[in-house]
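>>> Structure for the following, please:
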Amino acid sequence: MRKILLVLLFVLGISYSHAQRNVVLIIADDIGKDYCDFYTDHAANTVNFTNIKRLLNRGVVFNNAWSNPLCSPTRAGILTGRYSFRTGVGDVVDGSNPKLSLTENIIPKVLNIFSPNGISKACVGKWHVTTGGPVGYNYPTTMGFDHFEGSLAGALGQTGQLAIGFYNWTKITNGVNSTCTNYATTENVNNAISYVNSQPSSKPFYLQLAFNSPHTPYHLPPSNLIATTTLSGTQNDITANPVSYYQAMVEAMDTEIGRFFDYLISTGKWDNTDIIFIGDNGDENLVAQTNPSKGSLYQGGIAVPFIISGPDVVNPNRTSDALVNTVDLFATIQELFGNSNWQSQIPTTIVDSKSILPILNNTATSIRPWAFSEVFRVTPLASDGKAIRNETYKLIKFANGTETFFNLQLDPSESNNLLTTAMTNDDVNNYNYLCSEMATLVGAGITCTPLSSQSFDANSIEITVEQNPFQSNIKINGVQTGDKFQLYSINGALIYEGKNLATKDFSDLSKGIYFVKLVAQKKTFKVIKD
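Here you go, the predicted model:
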């Protein structure tokens, strides 16, 4: 009898362990930290996240989370745990831009390798990493999800046309398209509840619940989802007051998320489910409070809300200053399901994701020394480039060769480009470190010209640059006749090499930052063309 009891307890223990391994990833579309009232550094306009804040007392709020500046690259990174330069998805996926390869090892595919048919895997809502149309209707399930129900495209309808959009949209259900006239945010939660409810109670589930809200087109949500009664909903009013409608859409989304939370509680799944809430990139320009915003590598484009909450959080109701990236969700979700050996299941794949589990378990305060983001387009824009930051400093290297470098602790608004100032030793050392790390990560296309701290030492009188900024000639004091010089652009291209720097006319150079290297002394100086 005792042996039978022990076996029964063992079996129950296994069942309980599996029951705890439910994970829900909630993705809000186009919302940065600035509108989120649960962040202390929010901007003037916020939304009261009544229901998302229910996650706080059992979760961790991450203060320094980065995404990509656009939705498709962020979503591709979440699914694969790989940076955009590896997946090829650097821009919004549409008919002309690269899509996510069907051969990528995305979250549900690897979960199925770990536990064949042992975990239910569903994606509800926005997909937007592969092309649409009849050929693409089956892509979410082809790539590993057991169930897909939502929209494949980036936006519902056309911006500014309230007659379609969130109230009249094309819905794909496991490869079959139909026209849905139910409010999209409500329909997403209906579908999420229906799917979870259809699964065996003993079978753990992974649910990616990706809302289109608050992405354009802006509109007036159903009255039962918002407290605001002063909005008319006319197109003229929406055009004149986009922020008010944006806030209403976020409020409606939060209300529906609360309904989903209530369902989990009523069915006994709340205490066994880890819930992740993120934004996929910063605010749309129409409503941005931090500029540059969506599409930009500045903080307004990539600093996003990020919460992880649930039974796997030890000592909850805390915040973390750790550097985390949306690509880190890949490894984190695998390990929340107990799949700690996920890399061995896809051994030939380079994965950039770092598990956040040590922070959730309160056994570590950080998981990575730097965070990385990027954006690139088939038709390049001036904002294309790559960004990297550590705890204090941030470097952006734009594809056109320009650079910006900030101390985020002293300058969170990124208004003071340190490369145009007299940099301290710490500034220089951190610039060199971040540039070197970016070059090592990305490889081809990133060139670093190491700076010398002596170049920016105001007390140094041995070697100085005369008239900096310069207009035509670059004169270096304290060097010997015959010393060899090299002049580089900010992106590392060699412009001049020789011994006659002071007599060389550089008046035709474009305004900006350049670097002079003294070859014999192995010192580099920053100079500015005025």
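>>> Strands of the stretch 401-530 of the chain, start to end?
In the stretch 401-530 of the chain, the strands defined using DSSP state E, counting those that start in this stretch lie at 403-407, 464-466, 475-477, 485-489, 494-498, 512-518, 523-529.
>>> which stretch in these is the model least sure about?
When the strands of the stretch 401-530 of the chain are compared by mean pLDDT, strand 464-466 comes last with a mean of 73.
>>> Same list (the strands of the stretch 401-530 of the chain) but as a markdown table, adding distance to residue 385 and mean neighbour count.
In this view, the C-beta of every residue, glycine as well, is placed from N, C-alpha and C. Listed next are these as a markdown table, based on distance: least, C-beta to C-beta, whole Å; neighbours: other C-beta atoms under 10 Å:
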| stretch | distance to residue 385 | mean neighbour count |
| --- | --- | --- |
| strand 403-407 | 9 | 21 |
| strand 464-466 | 27 | 16 |
| strand 475-477 | 31 | 15 |
| strand 485-489 | 15 | 19 |
| strand 494-498 | 21 | 13 |
| strand 512-518 | 15 | 20 |
| strand 523-529 | 19 | 19 |
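>>> Helices along the stretch 201-350 of the chain, start to end?
For the stretch 201-350 of the chain, the helices defined by DSSP state H, counting those that start in this stretch cover 235-240, 242-266, 299-302, 328-336, 342-345.
>>> Pull the distance from the longest one to the chain's centre.
Relative to the mean C-alpha coordinate of its chain, helix 242-266 is positioned 22 Å out (C-alpha atoms, centre = their mean, to the nearest Å).
>>> Can you name every helix or strand that it contacts?
If contacts are counted by 3 or more C-beta pairs under 8 Å, 6 or more residues apart in numbering; DSSP states H and E, helix 242-266 sits against strand 22-28, helix 184-198.
>>> Apply 10 Å and report the result again.
Under the contact criterion of 3 or more C-beta pairs under 10 Å, 6 or more residues apart in numbering; DSSP states H and E, helix 242-266 touches strand 22-28, helix 184-198, strand 205-210, helix 235-240, strand 273-279.
>>> could you check the angle helix 184-198 makes with the last one?
This means strand 273-279. Counting by axes from the mean of the first three to the mean of the last three C-alpha atoms, to 10 degrees, strand 273-279 lies at 160 degrees to helix 184-198.
>>> partners of strand 273-279, with directions?
Strand 273-279 has its sheet partners listed here by DSSP bridges as strand 22-28 (parallel), strand 306-309 (antiparallel).
>>> What angle do helix 242-266 and that strand make with each other?
Interaxial angle of strand 273-279 relative to helix 242-266 (the same axes, to 10 degrees): 170 degrees.
>>> swap in the second one?
Taking the same axes, to 10 degrees, one finds that helix 184-198 is oriented at 10 degrees with respect to helix 242-266.
>>> and what of the first one?
For strand 22-28 against helix 242-266, the angle by the same axes, to 10 degrees is 170 degrees.
>>> next one: strand 22-28 to chain centre, how far?
Between the centre of strand 22-28 and the centre of its chain there are 15 Å (C-alpha atoms, centre = their mean).
>>> Name the next helix or strand downstream of that strand, please.
Stepping forward along the backbone from strand 22-28, the first helix or strand reached (DSSP states H and E) is strand 59-66.
>>> Give the other helices and strands that that next one contacts.
Counting contacts by 3+ C-beta pairs under 10 Å, 6+ apart, strand 59-66 is packed against strand 273-279, helix 299-302, strand 306-309, strand 318-325, helix 328-336, helix 357-360, strand 371-375, strand 385-389.
>>> In JSON lines, list the ones you listed along with distance to residue 45.
As requested, the helices and strands packed on strand 59-66 are exported to JSON lines (distance: least, C-beta to C-beta, whole Å):
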{"stretch": "strand 273-279", "distance to residue 45": "15"}
{"stretch": "helix 299-302", "distance to residue 45": "14"}
{"stretch": "strand 306-309", "distance to residue 45": "20"}
{"stretch": "strand 318-325", "distance to residue 45": "22"}
{"stretch": "helix 328-336", "distance to residue 45": "28"}
{"stretch": "helix 357-360", "distance to residue 45": "30"}
{"stretch": "strand 371-375", "distance to residue 45": "24"}
{"stretch": "strand 385-389", "distance to residue 45": "25"}
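>>> picking that back up, could I get the strands of the stretch 401-530 of the chain as JSON lines with distance to residue 234?
Output for the strands of the stretch 401-530 of the chain, formatted as JSON lines (distance: least, C-beta to C-beta, whole Å):
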{"stretch": "strand 403-407", "distance to residue 234": "41"}
{"stretch": "strand 464-466", "distance to residue 234": "60"}
{"stretch": "strand 475-477", "distance to residue 234": "65"}
{"stretch": "strand 485-489", "distance to residue 234": "52"}
{"stretch": "strand 494-498", "distance to residue 234": "57"}
{"stretch": "strand 512-518", "distance to residue 234": "47"}
{"stretch": "strand 523-529", "distance to residue 234": "51"}
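>>> thinking again about what came up before, looking at the helices of the stretch 201-350 of the chain, which is nearest to residue 410?
For those, distance to residue 410 was read as C-beta to C-beta. The smallest value, 13.8 Å, belongs to helix 299-302.
>>> Check the average confidence over the closest one, would you?
In this model, helix 299-302 has an average pLDDT of 98.
>>> got the CA coordinates for that helix in CSV?
Output in CSV follows, covering the C-alpha atoms of helix 299-302 (Å, rounded to 0.1, in the frame of the first residue of the first chain):
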residue,chain,number,x,y,z
GLN,A,299,15.4,55.2,-27.4
GLY,A,300,12.0,56.3,-28.7
GLY,A,301,12.1,53.5,-31.3
ILE,A,302,13.5,50.6,-29.3
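>>> Just name whatever secondary elements it is in contact with.
For helix 299-302, the packing partners by 3+ C-beta pairs under 10 Å, 6+ apart are strand 59-66, strand 371-375, strand 385-389.
>>> re the thing from before, out of the helices and strands packed on strand 59-66, indicate the one that is most buried.
By mean neighbour count, with neighbours taken as mean count of other C-beta atoms under 10 Å, helix 299-302 ranks first of the helices and strands packed on strand 59-66 at a mean of 28.
>>> about what we covered before: would JSON lines of the helices and strands packed on helix 299-302 with distance to residue 227 be doable?
Output for these, formatted as JSON lines (distance: least, C-beta to C-beta, whole Å):
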{"stretch": "strand 59-66", "distance to residue 227": "24"}
{"stretch": "strand 371-375", "distance to residue 227": "35"}
{"stretch": "strand 385-389", "distance to residue 227": "37"}
